[in-house]
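> what would the 3D arrangement of this be:
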Amino acid sequence: MIIFQRMQIWGATLLLTVSLLLLACGDTEQTQQTEENIVVVYNCNTDDWTAPIAKEFQEQTGIQVQLVSGSSGELMARVRTEQESPHGDIIWGGTADAYVSLESYLESYVSPEKSAIRPEFVRRNDAFYNMVMDPYVIAYNTDLVSEADAPKGWRDLLDPKFHGRIALADPAKSTSSYDVLLTMMDALGGDPNIIGAVAENLDGRIIGSSAEQIKALSDGEYAVTATFEEPVLKYIASGAHIKIVYPQEGTAVSAGSVAIIKNAPHAENAKRFLNFLMSRQVHERLGDFERRSTRADIPAPANLRPLSEIRYTWFDTQRAVSFRDEFLSKWRAAVIK
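Residues are numbered from 1 along each chain as shown. All right, here's what the predicted structure looks like:
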């Protein structure tokens, strides 16, 4: 069986609660897995695409997968807290720049799949692997914004007509929100004053997390948002009244990563799981989940716009890490006026 756990915050305590047990296909009277035949995965992604992949791995290897789901901030904090005695084997999901900050807690590993990855997504020290790539985009609710008034690029997010109508998470709490705003600032010439201008146009309305942005947009609570491409396309496919905009000034393509936690209790199983995640077998199916592969031998999915038709640059993870404190200082100053 695949075991799902959900991280919840209650006061200052992180609690793990078992929310769901899914039986694998076939006999429900499976032999209980031994302690050595398990891999514990801290899953920062949504279960809709990670659970099927985990189930497939389990069926092929017989290794029981325990998915512990939560936000990247919660789960990466747990990796740090558990440094002396790790409980997790794998951290899966979250942006590459968050992994750069986490590298001292990660185990370097040379996967046999490394040679298939696009060079721009290879981490030299092998501390983590970039599995999927995702352009940052703008999206708007078509019930609230006409095509004539629709945003065409980043600068439109500074337009007074969207004052208080932009769904955006606090970049101090959300790495992806920080990355979006940094991308916007760079696309508009790199002027740090843009940070304050964006904060002012939010009018104090800040979303709890980046995962909530697209839902708030779909529900009509906000008119516009800026986020990853994948959740926007997923909502559009489900019938949401949303349109996607690839900013005319250009955008950045970020990566979602995976790594083995240093001193993982089930290290060999962790290696097998990471190799499986980076395999051609898995990456050929990523398009089914509105995901783009980082492998050089996997073409862009037919249902996604080719990168050749998008004005983009690769997201600079090192710069994002080094500029973060300065950015957040300006952000807080703008928000706490």
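> how about the closest residue to A296 other than its chain neighbours, what does it touch?
Nearest non-adjacent residue to A296, counting by Cβ to Cβ, 6 or more residues apart in numbering: R118, 4.9 Å away. All C-beta spots, glycine's among them, are computed from the backbone N, C-alpha and C. Counting by Cβ atoms under 8 Å, 6 or more residues apart in numbering, R118 makes contact with 294-296.
> among those, name the buried ones.
294-295 (16 or more other Cβ atoms under 10 Å).
> quick one: which of the contacts of R118 sit in helices?
Judged by DSSP state H, the contacts of R118 include no members of helices.
> dump the contacts of R118 to TSV, plus distance to A197 and pLDDT.
Formatted as TSV, the contacts of R118 follow (distance: Cβ to Cβ, whole Å; pLDDT from 0 to 100):
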residue	distance to A197	pLDDT
T294	33	97
R295	39	97
A296	39	95
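> let's have the contacts of R118 in TSV, adding distance to F327.
TSV is the format used below for these (distance: Cβ to Cβ, whole Å):
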residue	distance to F327
T294	26
R295	32
A296	32
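> quick check, N130 in a helix?
No. Under DSSP: H, G, I helix; E, B strand; the rest coil, N130 falls outside any helix and is assigned strand.
> isn't it up against E113?
No. Using Cβ atoms under 8 Å, N130 is not in contact with E113, being 11.7 Å away.
> looking at these two, which one has more neighbours?
N130 (22 against 18; other Cβ atoms under 10 Å).
> in contact with the more buried one, which residues are there?
Here N130 is in contact with 96, 117, 121-123, 255-257, 294 (Cβ under 8 Å, 6+ apart).
> got TSV for the residues you listed, with distance to E200 too?
Putting the contacts of N130 into TSV (distance: Cβ to Cβ, whole Å) gives the following:
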residue	distance to E200
A96	30
I117	41
F121	36
V122	40
R123	37
A255	31
G256	31
S257	33
T294	36
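> give the burial count for the closest residue in space to A300 that isn't next to it in sequence, as a bare number.
Leaving aside its sequence neighbours, A300 sits nearest to P306 (Cβ to Cβ, 6+ apart; 5.0 Å). The number of residues packed near P306 is 10, by other Cβ under 10 Å.
> what is the neighbour count of the closest residue to K114 other than its chain neighbours?
Sequence neighbours aside, V122 is the residue nearest to K114 in space, at 6.6 Å (criterion: Cβ to Cβ, 6+ apart). Neighbour count for V122, taken as other Cβ under 10 Å: 13.
> cool, D203 as well?
12.
> give me the below-cutoff pLDDT ranges for the stretch 201-337 of the chain.
Counting by pLDDT under 70, the stretch 201-337 of the chain has low-confidence residues at 337.
> gap between the two ends of stretch 154-165?
For stretch 154-165, the separation between the terminal residues is 15 Å (Cα to Cα, to the nearest Å).
> what does it contact?
So stretch 154-165 is in contact with 138, 144, 149, 151, 166, 183-184, 187-188, 194, 197-198, 201-205, 222-224, 226, 247, 249, going by Cβ under 8 Å, 6+ apart.
> now, of these, which are buried?
138, 151, 166, 183-184, 187-188, 194, 198, 201-202, 222-224, 226, 247, 249.
> if we can go back for a sec, check what pLDDT the residue nearest to A296 gets.
Looking at R118, its pLDDT is 95.
> show me the strands in the stretch 51-200 of the chain, by range?
Here the stretch 51-200 of the chain has its strands, by DSSP state E, counting those that start in this stretch, at 64-69, 90-95, 106-107, 129-141, 166-167.
> between these, which gets nearest to H241?
Of all the strands of the stretch 51-200 of the chain, strand 129-141 sits nearest to H241, with 6.0 Å by Cβ to Cβ.
> partner strands of the closest one, with direction?
Counting by DSSP bridges, the strands paired with strand 129-141 are strand 224-228 (antiparallel), strand 242-245 (antiparallel), strand 251-261 (antiparallel), strand 292-293 (antiparallel).
> distance to L286 for those - can I get that in CSV?
Converted to CSV, the strands paired with strand 129-141 look like this (distance: least, Cβ to Cβ, whole Å):
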stretch, distance to L286
strand 224-228, 14
strand 242-245, 18
strand 251-261, 10
strand 292-293, 5
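> so which of the ones you listed comes closest to N45?
Closest among the strands paired with strand 129-141, using Cβ to Cβ: strand 251-261, at 7.3 Å.
> report the inter-axis angle for the closest one versus strand 90-95.
Angle, strand 251-261 to strand 90-95, by axes from the mean of the first three to the mean of the last three Cα atoms, to 10 degrees: 160 degrees.
> quick check, central residue of the chain?
G94 (4.1 Å; Cα atoms, centre = their mean).
> I am finished for the moment; much appreciated.
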